[in-house]
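Novice: attaching a predicted model along with its sequence, questions to come.
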Amino acid sequence: MARRMDPEDNKFHAGNGDDGKHYWLTPPDLYRQLDEEFSFTFDPCPYPKPAEFDGLTAEWGSSNYVNPPFGSIMHEGKKKGPTAWARKAIAESEKGNRVVLVYPIDKWVLMLLAAGAEVRNLGDVRWLATEDGSQGKGTGRHIACFILEGK
C-alpha cells in the first residue's frame with residue numbers, strides 16, 4: 001500500500017513564492033452566485049479539510065462545487081493534478097451528479113470557446129524537428145485543435 005503523504009510534505013503546501021500562501025478560497029460573492037444557480041449539496045475540496053478526508057475517493061453529493069488544488073499533489077503515492085479531478089468529476093457526472101469544477105485556464109481558450117470554436121483532441125502529437133524532420137518524443141500533453149468556421 002502506498003504511503004500517505006502528510007500535507008506539509010507536499011510541495012503544494014509550501015506556498016506560493018515569497019508570501020507563503022497556499023490555500024485560496026472562493027470569494028463569497030462568486031460562490032453565492034453559483035450556489036443560487038446550482039444549489040450545492042457537497043464540497044469535495046473543503047477548507048479546512050477534515051483529517052483523513054479525501055475528495056478524490058469520497059462519494060460526492062448530488063450537486064458539487066469543486067475548487068481543487070491548482071497544482072499537483074501527492075495522492076496515494078502518485079503525483080496527481082487537474083486530470084485526476086477531471087476524471088473524478090466525469091465519474092460523478094456519469095452517476096447522475098452535477099459537478100461545477102473551477103480551474104484556471106488561459107483567457108485565449110475561453111475567447112475561442114465563446115466565439116463558437118469546435119475543439120478536438122489531437123492526442124500527444126510527436127512534432128517534427130525543423131532541422132532534419134526527425135520525429136520528437138511528444139510533449140506528454142495532449143494538443144487541442146480549435147476550429148472556427150467562417151460566419
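Specialist: In hand now; what should we look at?
Novice: hey, where'd the strands end up in this protein?
Specialist: With DSSP state E as the definition, the chain shows strands at residue ranges 63-66, 73-75, 78-80, 98-101, 118-121, 144-147.
Novice: which of the ones you listed has the highest mean neighbour count?
Specialist: A comparison of these by mean neighbour count, using mean count of other CB atoms under 10 Å, puts strand 63-66 on top with a mean of 20. Glycine gets a C-beta too; all of them are placed from N, C-alpha and C.
Novice: state the mean pLDDT of that strand.
Specialist: Averaged across strand 63-66, the pLDDT comes to 97.
Novice: tell me what it is packed against?
Specialist: In terms of contacts (3 or more CB pairs under 8 Å, 6 or more residues apart in numbering; DSSP states H and E), strand 63-66 is packed against helix 28-38, helix 82-94, strand 98-101.
Novice: could you single out the most deeply buried of the ones you listed?
Specialist: Compared across the helices and strands packed on strand 63-66, strand 98-101 shows the largest average neighbour count, a mean of 18 (mean count of other CB under 10 Å).
Novice: partner strands of that one, with direction?
Specialist: The sheet places strand 98-101 alongside strand 63-66 (parallel), with pairing taken from DSSP bridges.
Novice: which residue is nearest the middle of the chain?
Specialist: Most central in the chain under CA atoms, centre = their mean is Pro82, positioned 3.0 Å from the mean C-alpha point.
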